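# just a sequence and a predicted model for now, questions to come.
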Amino acid sequence: MNPARPSPPLGRALRDFLVDLRPAFNLLVLENSASGAQPLAAALDAEKFKEVAGTIAGDDTVLVITPSRKACAAVQKRMEDLLR
């Protein structure tokens, strides 16, 4: 993603790119369309959720790292609420 270009809002990025969302202990695995990981991770990072320690983006998957299962569940709920 071009650093000079702002990332899309998280709600829009989730609707545009997210295919599946799966929790795994304190991690969230975001499956997304091909080449969607970078804009999705950038939008998530821009939100600066206190529960998110960091993200790792591949091509079609974003790994969201949280410090606990409780934090993971909170982030998952916020994402699901944005999709409604």
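Okay, I see it.

# going forward, measure contacts and count neighbours with C-alpha atoms only.
Noted.

# so which bits of stretch 48-57 are buried?
Of all the residues in stretch 48-57, those buried under the rule 16 or more other Cα atoms under 10 Å are 51-52, 54-55, 57.

# next, format those residues as CSV and append distance to Val19 and secondary structure.
Compiled in CSV, these are given as follows (distance: Cα to Cα, whole Å; DSSP: H, G, I helix; E, B strand; the rest coil):
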residue, distance to Val19, secondary structure
Glu51, 22, coil
Val52, 20, coil
Gly54, 20, strand
Thr55, 17, strand
Ala57, 15, strand
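
# rebuild these as TSV, extending it with pLDDT.
As requested, the buried residues of stretch 48-57 are exported to TSV (pLDDT from 0 to 100):
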residue	pLDDT
Glu51	97
Val52	97
Gly54	96
Thr55	97
Ala57	97
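
# between those, which is nearest Arg15?
For the buried residues of stretch 48-57, the residue nearest Arg15 by Cα to Cα is Ala57; the value is 17.1 Å.

# surely that closest one touches Pro39?
No: Ala57 is not in contact with Pro39 according to Cα atoms under 8 Å; the separation is 9.0 Å.

# what touches both of those two?
Residues within reach of Ala57 and of Pro39 at once, by Cα atoms under 8 Å, 6 or more residues apart in numbering: there are none.

# what's the spacing between the helix or strand Pro23 falls within and its chain's center?
Using DSSP states H and E, Pro23 sits within strand 18-24. Remark: strand 18-24 is offset 9 Å from the chain centroid, using Cα atoms, centre = their mean, to the nearest Å.

# poorly predicted segments of this structure, please.
Counting by pLDDT under 70, the ranges of the chain that qualify are 1-8.

# go with 50
Filtered on pLDDT under 50, the chain yields the residue ranges 1-2.

# now Val62. Its backbone dihedrals?
phi -120, psi 130 (degrees, to the nearest 10).
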